[in-house]
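J.: sequence unknown, structure follows:
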């Protein structure tokens, strides 16, 4: 290997490492997003909870259609910060805030946030944190929904594996749809709206928005 090739390889590796390293601004924005989305979760607890119960009463498993907003933290975190761990951190911080403010689920809120954050994080990781389009955002929402489905299959006093195949199939399907739309699409639109205000000027999402104007 020539000296120039070695230098180029080293430079490429250094650039990739720098691109994935968290800056102070990344940490601050992740915390701010987590708190803001945690407040959204808290507000959605009543609305989404009522919607979930009504849909589930209509058809068992259909309640999953209301879950998407609780999955949005991982999508928004991944789209804005675009670094390993961002989707996970924002979703978990939001879950912690929702728990601390007060809800009927208590500590299970944080456990759900951990699992859902990992589901969204996995999608961004599989794409090597290089693609952040609308389809990717929707796929991350689906990933978070699928993770929630797996978690609820085994967690709690009445885990879903005790319920019928039909229930679980409908619940998985509605979680996927809700994750794609309420988490993925709405999350992507929210990031776009923030970017156009200039609030994300220090992030790639903000620079992309300026280039499109």
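T.: Looks like it came in fine. For clarity, every value in this text was computed on a predicted model and none was experimentally measured.

J.: can we go C-alpha only for contacts and neighbour counts from here?
T.: Fine.

J.: After the helix ranked longest in the chain, which helix or strand is next?
T.: When every helix of the chain is counted residue by residue (DSSP state H), the longest turns out to be helix 24-58. Using DSSP states H and E, the next helix or strand after helix 24-58 towards the C-terminus is helix 72-81.

J.: what is the mean pLDDT for that next one?
T.: Averaging pLDDT along helix 72-81 yields 98.

J.: And for stretch 162-180?
T.: On average, stretch 162-180 scores 97.

J.: Counting neighbours, which bits of that stretch end up buried?
T.: Residues 167-168, 170-180 are the ones in stretch 162-180 that count as buried (16 or more other CA atoms under 10 Å).

J.: what bits of the protein have low per-residue confidence?
T.: By pLDDT under 70, the low-scoring segments of the chain are 1-18, 209-213.

J.: Now do the same contact list for the residue positioned nearest the centre of the chain.
T.: The residue lying closest to the centre of the chain (CA atoms, centre = their mean) is residue 74, at 1.8 Å. Contact analysis of residue 74 by CA atoms under 8 Å, 6 or more residues apart in numbering lists 86-91, 116-117, 120-121, 140-141, 144.

J.: And residue 184, by the same measure?
T.: 72, 75, 134, 137-142.

J.: buried stuff in stretch 148-167?
T.: By 16+ other CA under 10 Å, the buried positions in stretch 148-167 come out as 148-149, 151, 153, 160, 167.

J.: Could you identify the most distant pair in the contacts of residue 184?
T.: The most widely separated members of the contacts of residue 184, counting by CA to CA, are 72 and 134 (13.4 Å).
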